Structure formats: structure tokens, C-alpha cells
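Visitor: The sequence isn't on hand, but the structure is:
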């Protein structure tokens, strides 16, 4: 647990550097896009860093993050639909998410594109949901709407809190980062359990 917390602290400190870079917005777009299909780092960390640095732009950053994430989700859908054997399956195996893949499959069979809202809002790996949606040919229009709704809610809530509380949020994060890291990991496990329960 300590190693994970230290790794997350180094990651947090690294992405905070982008808040003072002229390329911060582009970095946010790239990470949000890639995380929706194959990249392991969630965009929330950089979104928080940038928005804390300039709270007046919090909603702008949230919009960039949302747009990139939905576009990345569409790319993940394409991977699952057209290139599952070549790209999709190796990605699922890389993240050791075979069980989650099966659970998401059952969710789509029951709830169609509504299942994407679960992955879009919770720590359930969104990339697994996007690839699975493409492979099982979930209606693309409903997939996009569900992705847009869930991802915008997630990122605009973060942006709204930072816009409301401003730099105080950064002090809070710095002071309680260890606790927040553990909470995030607990939420991640809870997300997987929720996914399994909904599919069970």
C-alpha cells in the first residue's frame, strides 16, 4: 500500500507541473483521450492540477476533458468493433481485466448502452467498457449519449468543486493525499464489486 501511495504521489507531483505549462490543456486532452481506450493514467489528476492552478478555467478544462474522453471512448469502441483480436483482447489481458470484461458483457446484455454510465461515473475501467461495447455492437448513438452524460457529469462535478472552493482544494489534497489515495483504491475495488453485483 505504501509503494502505491508513493507512486501516486509522484504521479500527482508530475502532473501538477503541467498546470504551469503552456501545453497543459493539450496534455489534458491527450491523457483523457488515451485513458478511454488504453492508457492507465486517469485524466482526473491533471484536470484537478490545471483547474486548481486557474480556478476560473475549471469548467473549460472539464469541457476539454469530457470531449477528449468521449472521443477516446469512440476510439475504444472502434478497437472493440474492428480490431478486438489484434488490439482489444491484448488491452484487456494487459490490465488483467478478463473478469471485468465478462461482467461488462453481461451488463450490456441486460442494460445495453446504459451500462456505460456505470463505467463512466465510477472507478470501473472505462476503457474496458468502451472496447466491450464495440465488440458486442452496442448501438453507437446510445453509447455516445451515455458516455457524454456520464463523463461530463464526472468531470464537471470536479471542475465545479474547484471553481467553488478554489486553491483551498489543493491544500486539502496536499494535506490528506495519503488518505485520499487509500480512498481512491477502496472506491476502485468497490467499483469492481458493483460491476460484478450488477452482472450477477
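Guide: Looks like it arrived, so ask away. On a predicted model such as this, the values are computed, not experimentally measured, just so you know.

Visitor: which residues in this structure form helices?
Guide: 2-16, 24-35, 44-53, 58-82, 89-94, 98-111, 115-121, 126-135, 140-165, 168-175, 177-199 (DSSP state H).

Visitor: Quickly, which of the ones you listed bottoms out on average pLDDT?
Guide: When the helices of the chain are ranked by mean pLDDT, helix 177-199 comes last with a mean of 56.

Visitor: Count the residues that sit near residue 74.
Guide: Close neighbours of residue 74, defined as other CB atoms under 10 Å, add up to 20. Heads up, the C-betas are built off the backbone N, CA and C, glycines and all.

Visitor: can you tell me how far it sits from residue 172?
Guide: Residue 74 sits 35 Å away from residue 172, going by CB to CB, to the nearest Å.

Visitor: quick one: residue 13 from residue 45, how far?
Guide: On the measure of CB to CB, residue 13 and residue 45 end up 10 Å apart.

Visitor: the more surrounded of these two?
Guide: residue 45 (19 against 12).

Visitor: Residues in contact with stretch 24-33: which ones?
Guide: Outside of stretch 24-33, the residues within contact range by CB atoms under 8 Å, 6 or more residues apart in numbering are 18, 21, 39, 41, 43, 46-47, 49-50, 53, 61, 64-69, 71-72, 75.

Visitor: Quick check on those: which are buried?
Guide: 18, 43, 46-47, 49-50, 53, 61, 64-69, 71-72, 75 (16 or more other CB atoms under 10 Å).

Visitor: Which residues in stretch 135-154 does the neighbour count mark as buried?
Guide: Judged by neighbour count using 16+ other CB under 10 Å, the buried positions of stretch 135-154 are 135, 138, 143-144, 146-152, 154.

Visitor: Of those, which pair is most distant in space?
Guide: Using CB to CB, the buried residues of stretch 135-154 reach their maximum pairwise distance at 135 and 152, which is 24.7 Å.
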